[in-house]
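[1] mind folding the following:
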Amino acid sequence: NQDETPLLYSLVFGEGVVNDATSVVLFNAIQSFDLEQIDLSIALQFLGNFLYLFMTSTLLGVLSGLLSAYIIKKLYIGRYHLDRVVIIFIVSIYCDGIPLR
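    Residues are numbered from 1 along each chain as shown. Next comes the predicted model:
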């Protein structure tokens, strides 16, 4: 139960999110290369591409997490927590639709 062990729940959920993000980064890095003709330069390019995707994804995740934590902490959106959850959910859906390319 989440109420009985909140730290354990947070750690397990956070670990699952990190695993999902890592698999997406690896998939995107591997998808962009022709793996039939591998040499040292392609392997180094793959490693560089992976590290770039990993670092930018991590930075984006940390920044969005810090921003959302700040917004939730500082803004008084409503008396009940459900109001905050609904508003954040709607804003997240809107931001997800904004093209980043």
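[2] from now on I want contacts and neighbour counts done on CA atoms only, so please keep to that.
    Will do.
[3] residue nearest the centroid of the protein?
    For the chain, the residue nearest the mean C-alpha position is residue 61 (4.4 Å; C-alpha atoms, centre = their mean).
[4] roughly how far does that residue sit from residue 31?
    22 Å (C-alpha to C-alpha, to the nearest Å).
[5] buried set for stretch 17-32?
    21, 22, 25, 26, 29 (16 or more other C-alpha atoms under 10 Å).
[6] any chance of these in a markdown table, with distance to residue 91, secondary structure and pLDDT too?
    Converted to a markdown table, the buried residues of stretch 17-32 look like this (distance: C-alpha to C-alpha, whole Å; DSSP: H, G, I helix; E, B strand; the rest coil; pLDDT from 0 to 100):
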| residue | distance to residue 91 | secondary structure | pLDDT |
| --- | --- | --- | --- |
| 21 | 21 | helix | 74 |
| 22 | 25 | helix | 74 |
| 25 | 25 | helix | 73 |
| 26 | 28 | helix | 76 |
| 29 | 29 | helix | 70 |
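[7] quick one: which of those residues is nearest to residue 87?
    Set against residue 87, the nearest of the buried residues of stretch 17-32 by C-alpha to C-alpha is residue 21 (24.6 Å).
[8] quick one: mean pLDDT for stretch 39-53?
    On average, the pLDDT along stretch 39-53 is 84.
[9] just the CA atoms of that stretch, as PDB, please.
    The C-alpha atoms that make up stretch 39-53 are tabulated as PDB, following Å, rounded to 0.1, in the frame of the first residue of the first chain:
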ATOM      1  CA  ASP A  39      33.300  -0.300 -37.800                       C
ATOM      2  CA  LEU A  40      35.100   1.800 -35.100                       C
ATOM      3  CA  SER A  41      33.800   5.200 -36.400                       C
ATOM      4  CA  ILE A  42      30.200   4.000 -36.400                       C
ATOM      5  CA  ALA A  43      30.600   2.500 -32.900                       C
ATOM      6  CA  LEU A  44      32.000   5.800 -31.600                       C
ATOM      7  CA  GLN A  45      29.200   7.700 -33.400                       C
ATOM      8  CA  PHE A  46      26.700   5.400 -31.800                       C
ATOM      9  CA  LEU A  47      28.200   5.900 -28.400                       C
ATOM     10  CA  GLY A  48      28.200   9.700 -28.900                       C
ATOM     11  CA  ASN A  49      24.600   9.700 -30.100                       C
ATOM     12  CA  PHE A  50      23.600   7.600 -27.100                       C
ATOM     13  CA  LEU A  51      25.400   9.800 -24.600                       C
ATOM     14  CA  TYR A  52      23.900  12.900 -26.200                       C
ATOM     15  CA  LEU A  53      20.300  11.500 -26.100                       C
END
